[in-house]
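Undergrad: only geometry, no sequence info:
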């Protein structure tokens, strides 16, 4: 039987800030606080890059369900409680309630509905489930476009099999009557809850996709969360609360590539980025490194297997280059002329960041043989960074979209208007971002340390030559990037196509701290600027100074606050010995975490804390986001160091 699946949607990106999510990658469920799905564009049951179900409703014969609470019990579990006053005996205190427990696993949604009866007589009713399948792509949902294809439903007793091309869902509803009509799939249970007792019904949805390119890990997580949470709580109670939420989210965001079940990485974030991203997965592993060296090592291996091997304009692939993202199908961004192939390499910073993470993991105890196994990939990455990464031969790593269909900006701020002058004009490429030069300097020095320590002579790169290259880059950077404006002296965000320093003060300069490309006085100076009124909102570091013409607190990269971006600055300050400054940054992050009930979103508005009192949501921000969650581990490291400094 065919079910009508088309929903009326607006052609705008869905807002996320009011929706609830339960997840276990690669599966996620977005709902209202009632537990129902279907009243907001983001609602749905998703597996991989496809929404299998767009509407799921619970109803009770003889009574409205008045939902009074929704509790998140870890990343994957939700409990909703509703009152059934239509089934009460007329007394003032509600005596009949429905408890709806939801659990999300990889490729699975299970709900248990408990009819709890506090009356002295039995209560009988009918509980009803309505489900509407969808099978719209994640890309269509994000664009606010209708999607999905033909859907076929076959009912076999207490089971309904729902199929659309390579995707299928199987609904199992024990003891229910299942029927299908134009309004969807219906399951009905006749339930009697004895006096002062309860009765439960359960349904499960199994989700399958023959084309999915990621999978859930088969092994357990690294664990050990309780110790970190307790330490965080002892240092600052809010940090303990943030770690509890964030570590649960990181556990739920773990993924693998099919065929390599032992090598995990963090999915970038929900809902749009449940896949492998070079930059995001690397920074997430790097910020979380003090908690888990293993996932850093496995992330490095996953990316090394997909390292570029040819020169291909359409995919932005080049030999030695680390990818930007992996998808099952091409990603089209409506209205922007952007079409990204399933395997896309348009990232200027993933390759040096891969080298930096390898060095950090090696120093943190990654087994030597595992490091040695990655030396060929290291040499290929170095070759790209020293040669191919500089497209115009000026001595700086840069990017430009050669295909005309890729990302205009290929650093972490990858929106089209992210690199702009103080007067609001957009910079033209090739663009050489300041932070990428810092990553490259750090990567070259770190690679020299690895090759020297492991006595490697086979890859064509010599430690002394790498250090000379880094020193020359450092000198060029100091001559080319520093600008003086009414706001002060600081490194420009980038060089444009004419080698002019783009003179805005941005959060990008925070990424330079701790890389070694700045001297200690310069690092301290940049830290002071980031803590100043134009850059610090009180809830984190703004992406763009309030003195810039293009500043707007809800601009994606032009005035908002990104948690990971702020945490990277704190991470660098800690490495540079600027512990007090790092502590100030973490204090702002904790204020933001508290405002978001400790599930910190991808980004939030840059409005000043003095005016708003609480962080203002960016309503389309992803949450949970891996690098926002991993920022909690950086916060723990900073507060630990600050406590030691105060005791010294």
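TA: Cool, got the structure. These figures come from a predicted structure and were not determined experimentally.
Undergrad: contact partners of the lowest-mean-pLDDT helix or strand in the chain?
TA: Ranked by mean pLDDT, DSSP states H and E, the weakest helix or strand in the chain is strand 331-333, scoring a mean of 82. Strand 331-333 is touched from outside by 139, 143, 325, 338-340, 344, with contacts defined as CB atoms under 8 Å, 6 or more residues apart in numbering. All C-beta atoms are positioned from the backbone trio N, CA, C, and that covers glycine.
Undergrad: and if we set it to 7 Å?
TA: Residues from elsewhere that reach strand 331-333 (CB atoms under 7 Å, 6 or more residues apart in numbering): 139, 339-340.
Undergrad: How about stretch 365-382?
TA: So stretch 365-382 is contacted by 293, 297, 300, 304, 307, 319-320, 322, 351, 354-355, 358, 362, 447, 450, 454, 456, 459-461 (CB under 7 Å, 6+ apart).
Undergrad: Which ones among those residues lie within helices?
TA: 293, 297, 300, 304, 351, 354-355, 358, 362, 447, 450 (DSSP state H).
Undergrad: Longest helix of this protein, counting residues only.
TA: Taking DSSP H as the criterion, the chain has its longest helix at helix 626-647.
Undergrad: just how off-centre is that one within its chain?
TA: 20 Å (CA atoms, centre = their mean, to the nearest Å).
Undergrad: where does the stretch 501-648 of the chain dip in pLDDT?
TA: Scanning the stretch 501-648 of the chain for pLDDT under 70 picks out no residues.
Undergrad: can you give me the strands for it?
TA: Secondary structure of the stretch 501-648 of the chain by DSSP state E, counting those that start in this stretch: the strands cover 501-502, 561-562, 603-604.
Undergrad: Going through the contacts of strand 331-333, which ones are buried?
TA: Neighbour counting by 16 or more other CB atoms under 10 Å classes 139, 340 among the contacts of strand 331-333 as buried.
Undergrad: got JSON lines for the contacts of strand 331-333, with secondary structure, pLDDT and distance to residue 14 too?
TA: Shown next, in JSON lines, are the contacts of strand 331-333 (DSSP: H, G, I helix; E, B strand; the rest coil; pLDDT from 0 to 100; distance: CB to CB, whole Å):
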{"residue": "139", "secondary structure": "helix", "pLDDT": "90", "distance to residue 14": "12"}
{"residue": "339", "secondary structure": "strand", "pLDDT": "91", "distance to residue 14": "21"}
{"residue": "340", "secondary structure": "strand", "pLDDT": "94", "distance to residue 14": "20"}
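Undergrad: Domain-wise, how is the chain divided?
TA: Here the domain parsing of the chain from automatic domain parsing is 20-209, 225-647.
Undergrad: so which of the ones you listed is the most packed in?
TA: Of all the domains of the chain, domain 225-647 has the most neighbours on average by mean count of other CB atoms under 10 Å, namely a mean of 21.
Undergrad: circling back to that earlier point, can you name the two of the ones in helices among the contacts of stretch 365-382 that are farthest apart?
TA: 293 and 351 (21.2 Å; CB to CB).
Undergrad: Parallel or antiparallel, list what pairs with whichever helix or strand residue 191 is part of.
TA: Assigned by DSSP states H and E, residue 191 falls within strand 184-193. Strand pairing for strand 184-193, determined by DSSP bridges: strand 123-137 (antiparallel), strand 177-181 (antiparallel).
Undergrad: what does the helix or strand that it is followed by contact?
TA: Next along the chain after strand 184-193, taking DSSP H and E as the criterion, comes strand 197-209. Here strand 197-209 makes contact (CB under 7 Å, 6+ apart) with 27, 45, 47-48, 50, 52, 107-117, 127, 129, 166-175, 187, 189, 191-193.
Undergrad: 8 Å instead?
TA: Contact with strand 197-209 is made by 27, 45, 47-48, 50, 52-53, 107-117, 127, 129, 131, 166-176, 187, 189, 191-193, 328, as judged by CB under 8 Å, 6+ apart.
Undergrad: which residues of the stretch 51-200 of the chain score low on pLDDT?
TA: For the stretch 51-200 of the chain, applying pLDDT under 70 flags no range at all.
Undergrad: try it again with 80
TA: 147-148 (pLDDT under 80).
Undergrad: quick one: the strands in it?
TA: Under the criterion DSSP E, counting those that start in this stretch, the stretch 51-200 of the chain contains strands at 66-72, 77-83, 96-105, 108-117, 123-137, 152-156, 159-164, 167-172, 177-181, 184-193, 197-209.
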